[in-house]
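Peer 1: structure for the following, please:
(chains A and B)
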Protein chains: 2
Amino acid sequence: MVELHDLMKNRRSIREFIGDRSIEDKILKRVIDAPFLAPSAANIKGFNLLIVDEPDLKQKIRDLCEKGEYNWVFSQPTEIKESILSLPNYSFQKDFLTDAPILIIVSTDPENPNVPYAVESCWLAIAYMLLEIENSELGSLTYTPSLIQTEKRNELNKILNLSKEEIIQTIVPVGYFEEKPEAKTVEISDNVHLNQFRNPFFN
Amino acid sequence: MVELHDLMKNRRSIREFIGDRSIEDKILKRVIDAPFLAPSAANIKGFNLLIVDEPDLKQKIRDLCEKGEYNWVFSQPTEIKESILSLPNYSFQKDFLTDAPILIIVSTDPENPNVPYAVESCWLAIAYMLLEIENSELGSLTYTPSLIQTEKRNELNKILNLSKEEIIQTIVPVGYFEEKPEAKTVEISDNVHLNQFRNPFFN
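Peer 2: Okay, the predicted model is just below:
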């Protein structure tokens, strides 16, 4: 039995990367393998991984994401806008999109009739990838640009040569890091029930 | 570094459980912890786990799921119907829903404005749980009843005391097993691209 529980607890979102330390090919290959090992509906791998390492392209992605996020947040009702702006670590500046040596962009086409439960299966795959990144002593973040929720997402798809139908699920910057927050603590609260909803499993 | 890659490769869907071998409390507790360690949008745990161990309730769930699946499959266009019926291991009989000592039902409310990316975060959590189940040498399956795609889902929610807004994402039967298929092989095919979609990462 591997110390999986510790791996899960120790994985934390990383926003500051050591920009000039690149990822060894062998390690990157293992990270890329992981999502393809995840279970998926009808065993169909209906997602795409786009590995971005070109500095100019990362900058273009960052520019679009920052602008898109600013516009999106300020188009929201006051309550939602304020709750976003008060999130810990929240900033319109997405340095991690250019600092990380690699961005892994994960996309799928939720309307593809040949890929049942495309989004669900895609996120199972993303979880596998995040854990393999942690296991490789690399840092990562699951960043989903607000841009994706608007028609502006086509501009992002265009610079990546992605068809309109492919919806970017997340952009995962990956790289080495210097500082990491403390391990997570499990906070289950009242989300676990026994046989009937609202019959607490833990007494 | 733990042998996570092997764990991912060795995990396979299990449909036949040893019905009379129950799961130790300590192990079940660790399995239940895992999804709460997964990252989630705004760090909100917007899902519920319902642990079902009552035989009568498992039978009711099975009856509803089997009937719902039969009706759903035969309401589909011929092409989809035939592709489902030809899936490997496909059967209308869901023995695993009564054979497994425990069902873990995972639900979330995709329309809850306080839970951003509810479905996406929920499936990250499910992946964590599946890996902890594998790591505990237990078997599991991610079974999503077709019923969920119809209004009949309310009948299932009702017997679990779940509100209409909560959408069951999957039912995960968990238990010990005798036989397991061989480890997975990684088949990445043409899903990995470098900087531009359709520019293959692997040559």
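
Peer 1: looking at chain A, which residue is nearest chain B?
Peer 2: residue A:127 (3.2 Å; CB to the nearest CB). All C-beta atoms are positioned from the backbone trio N, CA, C, and that covers glycine.

Peer 1: pretty sure that residue is touching residue B:132, no?
Peer 2: No. Taking contacts as CB atoms under 8 Å, residue A:127 lies outside contact range of residue B:132: 11.6 Å.

Peer 1: got the buried residues for the helix or strand bottoming out on mean pLDDT in chain A?
Peer 2: Across the helices and strands of chain A, mean confidence by mean pLDDT, DSSP states H and E is lowest for helix A:78-85: a mean of 88. Neighbour-count burial for helix A:78-85 flags residue A:84 (criterion: 16 or more other CB atoms under 10 Å in any protein chain shown).

Peer 1: any idea which helix or strand comes after the longest strand along chain A?
Peer 2: Identified as the longest strand of chain A according to DSSP state E is strand A:167-175. Stepping forward along the backbone from strand A:167-175, the first helix or strand reached (DSSP states H and E) is strand A:192-194.

Peer 1: does chain B sit close to that next one?
Peer 2: Yes. Strand A:192-194 reaches chain B (CB under 8 Å from any CB of the partner chain) through A:192-194.

Peer 1: backbone phi and psi for the residue sitting nearest the centre point of chain A, please?
Peer 2: Nearest to the geometric centre of chain A sits residue A:142, at 2.3 Å (CA atoms, centre = their mean). Dihedral pair for residue A:142: phi -100, psi 100, per degrees, to the nearest 10.

Peer 1: distance of it relative to residue A:195?
Peer 2: 33 Å (CB to CB, to the nearest Å).

Peer 1: does residue A:162 count as helix, strand or coil?
Peer 2: Of the three states, residue A:162 takes coil according to DSSP: H, G, I helix; E, B strand; the rest coil.

Peer 1: actually residue A:56, not the one I wrote
Peer 2: helix.

Peer 1: same question for the one 10 residues further on.
Peer 2: Assigned state for residue A:66: helix (three-state reduction, three-state DSSP).

Peer 1: how close does the closest residue to residue A:153 other than its chain neighbours sit to residue A:167?
Peer 2: Ranked by CB to CB, 6 or more residues apart in numbering or on different chains and with sequence neighbours excluded, the top spatial neighbour of residue A:153 is residue A:147, at 5.5 Å. Going from residue A:147 to residue A:167 by CB to CB gives 11 Å.

Peer 1: between these two, tell me which one has more neighbours.
Peer 2: Taking other CB atoms under 10 Å in any protein chain shown, residue A:147 and residue A:167 do not tie; residue A:147 has more neighbours (22 against 18).

Peer 1: tell me who's in contact with the residue nearest to residue A:192 when sequence neighbours are not counted.
Peer 2: Counting by CB to CB, 6+ apart, residue A:192 lies nearest to residue A:201, which is 4.1 Å off, once chain neighbours are set aside. For residue A:201, the contact set (CB atoms under 8 Å, 6 or more residues apart in numbering or on different chains) comprises A:192-194, B:32, B:49, B:51.

Peer 1: just the buried residues from the residues you listed, in ChimeraX please.
Peer 2: The ChimeraX selection below is limited to those of the contacts of residue A:201 classed as buried (16+ other CB under 10 Å):
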select /A:192,193,194 /B:32,49,51
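
Peer 1: as a markdown table, the contacts of residue A:201 with distance to residue A:66 would be great.
Peer 2: Formatted as a markdown table, those follow (distance: CB to CB, whole Å):
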| residue | distance to residue A:66 |
| --- | --- |
| A:192 | 39 |
| A:193 | 41 |
| A:194 | 46 |
| B:32 | 39 |
| B:49 | 37 |
| B:51 | 43 |
